[in-house]
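Engineer: what would the 3D arrangement of this be:
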Amino acid sequence: MIPETIEVIGFDADDTLWVNEPYYRESENEFIKLVSAYGVEDDIAGALFKIEISNLELYGYGIKAFMLSLVECSISITGGGSNL
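Structural biologist: Numbers count the residues shown, from 1 in each chain. Modelled structure (predicted):
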């Protein structure tokens, strides 16, 4: 029997996130290598993480948010330089 009012609906989408996680990490590592001439790799990883977290409310979570965070981080780290 279905109740008169539905209070909570839950979705489980973890399986798709876990399957794609290695691709995100691989891309992150390649990004860090790409901009490593501009700083220490651990500092770059920390800067990217900070930008991703600050962008969560604006962009949400997913590939679009990740790519926009990579762009923002590269501009921040390189000072807008174009010689990558």
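
Engineer: give me the below-cutoff pLDDT ranges for the protein.
Structural biologist: For the chain, residues meeting the criterion pLDDT under 70 lie at 1-3, 12-17, 81-84.

Engineer: what helices and strands are in contact with the longest helix anywhere in it?
Structural biologist: Taking DSSP state H as the assignment, the helix of the chain that covers the most residues is helix 14-35. Judged by 3 or more CB pairs under 8 Å, 6 or more residues apart in numbering; DSSP states H and E, the packing partners of helix 14-35 are helix 41-59, helix 63-78. For the C-beta atoms, the positions are set from N, CA and C on the backbone; glycine is no exception.

Engineer: if you count neighbours, what's buried in the last one?
Structural biologist: Using 16 or more other CB atoms under 10 Å as the burial criterion, the residues of helix 63-78 that qualify are 66, 69-70, 72-74, 76-78.

Engineer: contact partners of that helix?
Structural biologist: 24, 27, 31, 34-35, 38-39, 44, 47-48, 51-52, 55-56, 59, 84 (CB atoms under 8 Å, 6 or more residues apart in numbering).

Engineer: which among those residues gets closest to I6?
Structural biologist: Nearest to I6 out of the contacts of helix 63-78 is L56 (CB to CB; 27.4 Å).
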